[in-house]
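Student: one predicted model, sequence on top.
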Amino acid sequence: MKKNIRIALSFATFSDAQVNGFARLSIGVLKTNPLFPNLPVPIATLTTLQTAFQDALTAAANGGTINTAIKKEARD
């Protein structure tokens, strides 16, 4: 049986808030899905990256070029 693998890249056009929500949802779903037991990036690492991005979003909301640069780096 041939498997069809599809990759969604629509998140690339999401706003920062949408990226954060997508990341949180993805982490939650992957944590409880037995079909993905060995992810290439551990859930703990994904959670750490998502938390850093969320913190950077909060800091950037207060303004400042440094905070905005940190947020952009965290999004990448």
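Tutor: Alright, I've got the coordinates.
Student: make it CA atoms for all contacts and neighbour counts henceforth
Tutor: Will do.
Student: go through stretch 58-67 and flag the buried ones.
Tutor: Of the residues in stretch 58-67, Ala59, Ala60, Asn67 count as buried by neighbour count, 16 or more other Cα atoms under 10 Å.
Student: now the first one, nearest residue through space, not along the chain?
Tutor: Excluding the flanking residues, the one nearest Ala59 by Cα to Cα, 6 or more residues apart in numbering is Asn67, at 5.9 Å.
Student: where's that neighbour relative to Pro40, distance?
Tutor: 30 Å (Cα to Cα, to the nearest Å).
Student: what's the answer for Lys72, then?
Tutor: 24 Å.
Student: so these two - more neighbours on which side?
Tutor: Lys72 (15 against 7; other Cα atoms under 10 Å).
Student: tell me the contacts of the residue nearest to the spatial centre of the chain?
Tutor: Centroid-nearest residue in the chain, with Cα atoms, centre = their mean: Ala23, separated by 3.4 Å. Each residue near Ala23 by Cα atoms under 8 Å, 6 or more residues apart in numbering is listed here: Gln50.
Student: pull out the buried residues from the host helix or strand of it.
Tutor: Secondary structure assignment for Ala23, by DSSP states H and E: helix 16-31. By neighbour count on 16+ other Cα under 10 Å, the buried set for helix 16-31 is Asp16, Val19, Asn20, Ala23, Arg24, Ile27.
Student: ok, then the element right after it?
Tutor: In N-to-C order, the element after helix 16-31 by DSSP H and E is helix 43-61.
Student: now the next helix or strand after that next one: how far from the chain's centre is it?
Tutor: Toward the C-terminus, helix 43-61 is succeeded by helix 65-75 as the next helix or strand (DSSP H and E). Chain-centre distance of helix 65-75: 15 Å, with Cα atoms, centre = their mean, to the nearest Å.
Student: a markdown table please, covering the buried residues of helix 16-31 and showing distance to Ile7 and pLDDT.
Tutor: Formatted as a markdown table, the buried residues of helix 16-31 follow (distance: Cα to Cα, whole Å; pLDDT from 0 to 100):
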| residue | distance to Ile7 | pLDDT |
| --- | --- | --- |
| Asp16 | 20 | 90 |
| Val19 | 16 | 92 |
| Asn20 | 19 | 93 |
| Ala23 | 15 | 93 |
| Arg24 | 18 | 95 |
| Ile27 | 17 | 93 |
